[in-house]
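Chemist: any chance you can model this:
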Amino acid sequence: MCFILAGCGQTKSGKNTDTASETSESLSRHDAQKRSGKDSRTLSNAASTENQNTVDRGIRPPRAEPVVETLEAPVFPPPQAGAMVDIPGGMFLRGSAVDDELREQFAENDHISTKMNAFQMDVLPWPNDPAMPFTTGVSRLEAEQQCASVGKRLCTELEYEYACKSTDNRRYISGMLYNPGSFRDVLGAPSPFGVWAMGKQLEWTSSAWGKDPDQQVRTAVRGFAPGQTFLDKPIDEPHGARCAKRWRFSPDEQSDVLGFRCCKGEVNKAACFIERPRPAHSMYKTMKPEEFAKIIRSIPQLEAVHDNPHMFSNADVRAVLAKRGSDREQLAKEGIHFVWKPLRWIPRQGMELWLAVGRSNRHSFVVALHEVKDNEEYVHESSMIIWDNPIPLALVYREGHRDEVYWAPCWRCRDGGGFEYDEENNQVIITSRW
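Modeler: So this is what the prediction gives:
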């Protein structure tokens, strides 16, 4: 009998594959039941470190609590022509939490603590006059030239984000929850610093899309305009009007919804960076038995296996394959790999999980964790316990197929299951065919 830590979900059909068709009899996601266990905790600001993306440097925020409105909408007098706002220096969290259901995993940094110097920003997009329409249809170079003509410069993208979020790190200019009234009028509503019309159009920034050479040829654009797509996905206002939303444009592009605003003062040099694509699967080859036991015992949801948690062995993997006489070398040639140590799984770039199978004195178990800090702190995502049956299990992944990760007590049999990333709900589900 097996138990999963949380309730069962509804049936979900799987995908057809090519060489994986041999394995679909046992581990296909077709008609597998969704089951997941989740933990809800927040990461303190102090845990985020300058220029550390979760997937790059090992600070992986746990799942946050549901967003509630805790902030008041800013109130400022109507903007005046030619006015600039003094933005004080301070610290803020750039990007978004990794578990934010609205975030763009491919584009946004992971709530990285960032220091900003004081600067000035135009209260409105160019020409910075509430009586005149905003200027659009210009390239980035033309925007830079316009700002330089009045002794100013184009704002950086993090200056835009900081002016939108302030030090309380709000999701929108008005607070934590989407308020359509903040974007309804021509000038919208003010940010916490008194900057207006953020999210009323797209705006050029002086920042490159990322730090790598091929990312330097693209420009980071901020703001929002209806009808825009990102990575071929339509972006609605609740997603796009967030302070953290980034857009990628070629610097010579022109659009009737793309304008700019100017800044003044010392340039803030902090910049967003975008991770390089990483392999979907890699094994924790140096994981020691005592490290594994410590990790499992740190997870309250796995209390039932805290007595003696340990990894399986290579001999256990051979036993799994021997049940049906499967040829490990032949399966490896087909790109199907069996491992017994924990597996690092990246279901989507920008999201990383720690997967493992193991057993205690009485039970076997399957678990998916978030690594909050490399090899030191972990948070529960989902897990399953095979009660009173400490049978050998293996982790199985299919090379080149990001969405194919399984757990198996045997191969080509009707037992076992898999790991699914539920895009809609941003969660990992452990499935079982038992």
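Chemist: okay, buried residues for stretch 316-323 please.
Modeler: For stretch 316-323, the neighbour count (16 or more other C-beta atoms under 10 Å) marks 316-317, 319-321, 323 as buried. The C-beta positions use only the backbone N, C-alpha and C, and glycine is treated the same way.
Chemist: typo on my end, it should be stretch 414-433
Modeler: Those would be 415-421, 426-433, for stretch 414-433 by 16+ other C-beta under 10 Å.
Chemist: return that stretch as PDB; C-alpha atoms alone will do.
Modeler: The C-alpha trace of stretch 414-433 is given here as PDB (Å, rounded to 0.1, in the frame of the first residue of the first chain):
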ATOM      1  CA  ARG A 414       2.600  -2.100 -14.100                       C
ATOM      2  CA  ASP A 415       4.100  -0.700 -10.900                       C
ATOM      3  CA  GLY A 416       5.900   2.700 -10.400                       C
ATOM      4  CA  GLY A 417       5.100   6.200 -11.400                       C
ATOM      5  CA  GLY A 418       6.600   9.500 -12.400                       C
ATOM      6  CA  PHE A 419       7.200  13.200 -11.600                       C
ATOM      7  CA  GLU A 420       5.100  15.800 -13.400                       C
ATOM      8  CA  TYR A 421       5.500  19.500 -13.500                       C
ATOM      9  CA  ASP A 422       2.000  21.000 -13.500                       C
ATOM     10  CA  GLU A 423       2.500  24.200 -15.500                       C
ATOM     11  CA  GLU A 424      -0.900  25.600 -14.700                       C
ATOM     12  CA  ASN A 425      -0.600  25.300 -10.900                       C
ATOM     13  CA  ASN A 426       3.200  25.600 -10.800                       C
ATOM     14  CA  GLN A 427       3.700  22.500  -8.700                       C
ATOM     15  CA  VAL A 428       5.400  19.100  -9.000                       C
ATOM     16  CA  ILE A 429       3.200  16.000  -8.700                       C
ATOM     17  CA  ILE A 430       4.300  12.500  -8.000                       C
ATOM     18  CA  THR A 431       2.100  10.000  -9.800                       C
ATOM     19  CA  SER A 432       1.600   6.300  -9.000                       C
ATOM     20  CA  ARG A 433       0.100   3.400 -11.000                       C
END
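Chemist: what's the offset of that stretch from the middle of its chain?
Modeler: 18 Å (C-alpha atoms, centre = their mean, to the nearest Å).
Chemist: I'd like the mean pLDDT over that stretch, please.
Modeler: In this model, stretch 414-433 has a mean pLDDT of 87.
Chemist: just the buried residues of stretch 316-323: which are in helices?
Modeler: Those of the buried residues of stretch 316-323 mapping onto helices are 316-317, 319-321, per DSSP state H.
Chemist: could you export the residues you listed as CSV, including distance to residue 78 and pLDDT?
Modeler: As requested, these are exported to CSV (distance: C-beta to C-beta, whole Å; pLDDT from 0 to 100):
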residue, distance to residue 78, pLDDT
316, 70, 96
317, 69, 95
319, 74, 95
320, 70, 95
321, 72, 95
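Chemist: quick revisit: closest one of the buried residues of stretch 414-433 to residue 246?
Modeler: residue 426 (18.4 Å; C-beta to C-beta).
Chemist: now the residue lying closest to the closest one once chain neighbours are set aside: which helix or strand?
Modeler: Distances taken as C-beta to C-beta, 6 or more residues apart in numbering place residue 101 nearest to residue 426, at 5.1 Å, with adjacent residues excluded. Residue 101 belongs to no helix or strand when assigned by DSSP states H and E.
Chemist: picking that back up, out of the ones in helices among the buried residues of stretch 316-323, which comes closest to residue 217?
Modeler: Of those, the one sitting nearest to residue 217 (C-beta to C-beta) turns out to be residue 317, at 46.0 Å.
Chemist: now do the contacts for that closest one.
Modeler: 328, 338-340, 392, 394 (C-beta atoms under 8 Å, 6 or more residues apart in numbering).
Chemist: same question for residue 306.
Modeler: 296-297, 360.
Chemist: which of those are buried, as a PyMOL select command?
Modeler: Applying 16+ other C-beta under 10 Å to these leaves a buried subset, and the PyMOL line that selects it is:
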select buried, resi 296+360
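Chemist: model confidence over the helix or strand in which residue 120 is found, on average?
Modeler: Assessed by DSSP H and E, residue 120 sits inside strand 119-122. In this model, strand 119-122 carries a mean pLDDT of 98.
Chemist: stretch 210-228 too?
Modeler: Averaging pLDDT along stretch 210-228 gives 91.
Chemist: which positions within it qualify as buried?
Modeler: 210, 215, 218-225, 228.
Chemist: tell me which element residue 113 falls in.
Modeler: Assigned by DSSP H and E, residue 113 falls in strand 112-116.
Chemist: that strand packs against which elements?
Modeler: strand 90-94, helix 157-165 (3 or more C-beta pairs under 8 Å, 6 or more residues apart in numbering; DSSP states H and E).
Chemist: among the contacts of residue 317, who's most crowded?
Modeler: Neighbour counts for these, by other C-beta atoms under 10 Å, peak at residue 394, which reaches 24 neighbours.
Chemist: coming back round to it: now the contacts of residue 306 as JSON lines including distance to residue 193 and pLDDT?
Modeler: Putting those into JSON lines (distance: C-beta to C-beta, whole Å; pLDDT from 0 to 100) gives the following:
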{"residue": "296", "distance to residue 193": "47", "pLDDT": "97"}
{"residue": "297", "distance to residue 193": "46", "pLDDT": "96"}
{"residue": "360", "distance to residue 193": "54", "pLDDT": "97"}
